[in-house]
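**Q** using only what follows, build the 3D model:
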Amino acid sequence: MLPLLPLLPLLPLLPLLPLASPAYAQAPDPTAPVTYALVVGSNRPGPGQQALRFALDDAGRVAEVLTEAGGATTEHLVRLDDPDAATLVSTLDGFEARLAADALRGQATVFLFYYSGHARAQGLDLGAENVSLADLRSHLEALDATVTLAVLDACQSGAVTDAKGVLPAADFSTSSVSGLGTAGFAVIASSSDTELSQESAALGGGIFTHHLATGLRGAADANEDGRVSLDEAYTYAYDRTLVTSSATAIGAQHVTLETDLKGQGQMILTRPEAASARLHLPAELAAEVLLTRAPHDTVMAEVHKAPGAAMELALAPGSYQARVRQGQRTVACPVALVSGSTVALDPSDCPRVSTPTVAARGGSPSMDPTRYETLFVELGLGLLQPRHDAYVQTLEDFGFAPGVDWFGGDLAPDLSLVFTRYRWLSAVGTYGKLDDSAFHRAVTNADLPDDGSDLDHHFRWLGTRLGLSVRGQLPLAHGALVPYLQLGGGLAFAKTTYQTVDATDVQHFVGPQLSGAAGLQLVPGGRRWRHLGIFWQSELIYAPVISNLLGERHDSGGVLNQLGLRGGF
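**A** Have a look, this model is predicted:
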């Protein structure tokens, strides 16, 4: 997912892209080079890979910026979603005739190839198929374009912020630059040769693409001339990507640009001044602005607006919402843009919203795929296999026989409260049942009247526990499958009841308990119902609580296997 940043270098040669796009109010410049683009996104996994989430979204974001703010016409831009190798190659070759015809007329042209998806060191992975860098280069060189730009982003999706690429980005970045670089050719990789590229589920795509797109819409226009040059866009995207990625677990990401382009003047990538609809951010505004587009709340731009300079963002006509955060105050402002309009953002009259609403970028708070519920309730029911120890053996030696168990064990319900502060770690508080055993001893005495009363002696105990555990978990498949291990301890409680024909003796015991468990959480409803799930857990419990006059102590724990339901909020 080579964020658009890569396009920067490439787009440079688009200086005066044809302004024939509907997003532009001005007439096209006949002297500008004609821009052609093939934008490819592939979420399909190859052998040993997982399906991606955001490759198609990043490809769509690149295509939108080129048509809405860059002046590229829809007739000259082709987008492919999840193509096979033959489709990609044939579509690429299909540009040859049009580029050759332009060359005969003396028309300058720029051809941009953008790819977001899986890759290995020497090529692009399209599902089970592969297009090598050597083959890609030969097809690109066959095109009679004045300048050819290749933007390659190898990405592999994971949790809230993840590394992109089955192999380290260093391998692919180095191979792509060396394998494709040639005169009149520019290659952009989404990171340096020692770093991993990253994407964010909160942004719905690559960190770099997000900031580059925002810059090209006008946020990068540092000199306020209504145009965004290559230098401006690169500086803005480089800085914002570095800031965002530095806060992740993977670390800082620096975009890599390799060019061998001759005769470059000032390279104008986009012209926000010429767009038919614009959002104006006043000079005095100092805020964090998150702009989303209806109806799906798609993130369009995220701007750190400093006071002192006005800013305008080029956008397509439509309905938007600007969430503006100033200190502890956050407001949501509806914005309606029509063709030919420039709307000034004024947050003073906008309704205030809670902070979590703003944090849910790319969707409503309840649907944000990056949000993980912090509090869960788990209700489990399982079978506890109790221990047969010296305490139990003594009862049997005195003639006590055990009652009937469920499949050789005791039904044991549990109620747990799980607090998840970090995705990988949780604290678990549990109240549950331990073993529940009953024994009886038959009594026959000829001296007692035979009136039908129960003469047997009955002995029973019931154990419970109250504990606190630490759970280490590994979210897989975007949180749908979560294996975990946990260790804990706490208190165990037991009550024994010894009942004869004329007396009942009750005793209470308290002691320590330790436990260790392995489990698996499953969220079968996907992201929409990710706050509901089921779990399986196998737990080993040690709770030496009950004692007798002989000094023997009974362990009320055992092996507990259970299934349960979990709900988060």
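
**Q** drop to CA atoms for contacts and neighbour counts, all remaining ones
**A** Will do.

**Q** so this protein: which segments form each domain?
**A** With domains defined by automatic domain parsing, the chain comprises 7-271, 278-363, 375-568.

**Q** including mean pLDDT and mean neighbour count, could these go into JSON lines?
**A** Listed next are the domains of the chain as JSON lines, based on pLDDT from 0 to 100; neighbours: other Cα atoms under 10 Å:
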{"stretch": "domain 7-271", "mean pLDDT": "73", "mean neighbour count": "21"}
{"stretch": "domain 278-363", "mean pLDDT": "82", "mean neighbour count": "18"}
{"stretch": "domain 375-568", "mean pLDDT": "88", "mean neighbour count": "17"}
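
**Q** check contacts around Asp102.
**A** Going by Cα atoms under 8 Å, 6 or more residues apart in numbering, Asp102 touches Ala108, Thr109.

**Q** so it belongs to a strand, correct?
**A** No. Under DSSP: H, G, I helix; E, B strand; the rest coil, Asp102 sits outside any strand and is assigned helix.

**Q** for Asp144, see how far away it is.
**A** Going from Asp102 to Asp144 by Cα to Cα, to the nearest Å gives 9 Å.

**Q** ditto for Ala69
**A** Separation of Ala69 from Asp144 (Cα to Cα) stands at 26 Å.

**Q** any idea which helix is longest in this protein?
**A** Using DSSP state H, we find that the single longest helix of the chain is helix 230-246.

**Q** what about that helix, distance to the chain center?
**A** Counting by Cα atoms, centre = their mean, to the nearest Å, helix 230-246 is centred 22 Å from the centre of its parent chain.

**Q** which elements pack onto that helix?
**A** helix 7-10, helix 207-214 (3 or more Cα pairs under 8 Å, 6 or more residues apart in numbering; DSSP states H and E).

**Q** name the helices or strands packed onto the last one?
**A** Pointing back at helix 207-214 there. Against helix 207-214 (3+ Cα pairs under 8 Å, 6+ apart) you get helix 55-68, strand 197-200, helix 230-246, strand 298-305.

**Q** switch to 7 Å and redo it
**A** Counting contacts by 3 or more Cα pairs under 7 Å, 6 or more residues apart in numbering; DSSP states H and E, helix 207-214 packs against strand 197-200, helix 230-246.

**Q** so the last one versus helix 207-214, what angle?
**A** Which is helix 230-246. Relative orientation of helix 230-246 and helix 207-214, computed by axes from the mean of the first three to the mean of the last three Cα atoms, to 10 degrees: 140 degrees.

**Q** going forward can the numbers begin at 24, since that is how I track them
**A** New numbering, starting at 24: the last item is helix 253-269.

**Q** helix 253-269 vs strand 321-328, what angle?
**A** Inter-element angle recorded for helix 253-269 and strand 321-328: 100 degrees (by the same axes, to 10 degrees).

**Q** which ones are touching the residue lying closest to Arg263 once chain neighbours are set aside?
**A** The shortest distance from Arg263 to any non-neighbouring residue, by Cα to Cα, 6 or more residues apart in numbering, is to His234 (6.3 Å). Residues in contact with His234 (Cα atoms under 7 Å, 6 or more residues apart in numbering) are Ala260, Arg263, Thr264.

**Q** try it again at 10 Å.
**A** Residues near His234 by Cα atoms under 10 Å, 6 or more residues apart in numbering: 26-28, 226, 240, 242-243, 256-257, 259-264, 267, 323-326.

**Q** next one: it from Gly228, what distance?
**A** Distance of His234 to Gly228, computed by Cα to Cα: 10 Å.

**Q** backbone phi and psi for Ser299, please?
**A** Backbone torsions of Ser299, given as degrees, to the nearest 10, read phi -80, psi -20.

**Q** what number of residues lie near it?
**A** If you count neighbours by other Cα atoms under 10 Å, Ser299 ends up with 24.

**Q** against which helices or strands is the helix or strand where Leu583 lies packed?
**A** In this structure, Leu583 is located in strand 581-591 according to DSSP states H and E. Contact partners of strand 581-591 among helices and strands, from 3 or more Cα pairs under 10 Å, 6 or more residues apart in numbering; DSSP states H and E: strand 398-409, strand 433-445, strand 448-464, strand 527-545, strand 555-565.

**Q** angle of it against strand 433-445?
**A** Orientation check (the same axes, to 10 degrees): strand 581-591 against strand 433-445 gives 50 degrees.

**Q** direction included, what does strand 581-591 pair up with?
**A** In the sheet, strand 581-591 lines up against strand 398-409 (antiparallel), strand 555-565 (antiparallel) (DSSP bridges).

**Q** of all those, which lies closest to Gln130?
**A** Distance to Gln130, taken as Cα to Cα, is lowest for strand 555-565 among the strands paired with strand 581-591, at 59.4 Å.

**Q** tell me the helix or strand right after that closest one.
**A** Strand 555-565 is succeeded, C-terminally, by strand 567-570 (DSSP H and E).

**Q** the helix or strand following that next one - which strands sit beside it in the sheet, and in what orientation?
**A** As assigned by DSSP H and E, the chain's next helix or strand after strand 567-570 is strand 576-578. Taking DSSP bridges as the criterion, strand 576-578 pairs within the sheet with strand 567-570 (antiparallel).

**Q** residues touching the strand it pairs with, excluding its own?
**A** With Cα under 10 Å, 6+ apart, strand 567-570 has contacts from 414, 484-486, 514-519, 530-537, 575-580.

**Q** try 6 Å
**A** Gly534, Arg576, His577, Asp578 (Cα atoms under 6 Å, 6 or more residues apart in numbering).

**Q** using CSV, write out every CA atom in the stretch of helix or strand Leu61 belongs to.
**A** For Leu61, the enclosing helix or strand under DSSP H and E is strand 57-64. What follows is strand 57-64, C-alpha atoms only, in CSV (Å, rounded to 0.1, in the frame of the first residue of the first chain):
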residue,chain,number,x,y,z
VAL,A,57,-1.7,13.4,-20.3
THR,A,58,-1.8,11.1,-17.3
TYR,A,59,-2.6,7.4,-17.5
ALA,A,60,-2.8,5.2,-14.4
LEU,A,61,-3.3,1.6,-13.6
VAL,A,62,-4.3,1.2,-9.9
VAL,A,63,-4.2,-2.3,-8.5
GLY,A,64,-5.4,-3.6,-5.1
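
**Q** that one vs helix 78-91, what angle?
**A** Using the same axes, to 10 degrees, strand 57-64 lies at 160 degrees relative to helix 78-91.

**Q** and strand 57-64, what other elements does it pack with?
**A** Where contact means 3 or more Cα pairs under 6 Å, 6 or more residues apart in numbering; DSSP states H and E, strand 57-64 is packed against helix 78-91, strand 100-104, strand 132-143.

**Q** which one of these lies nearest to Leu149?
**A** Of all those, strand 132-143 sits nearest to Leu149, with 7.1 Å by Cα to Cα.
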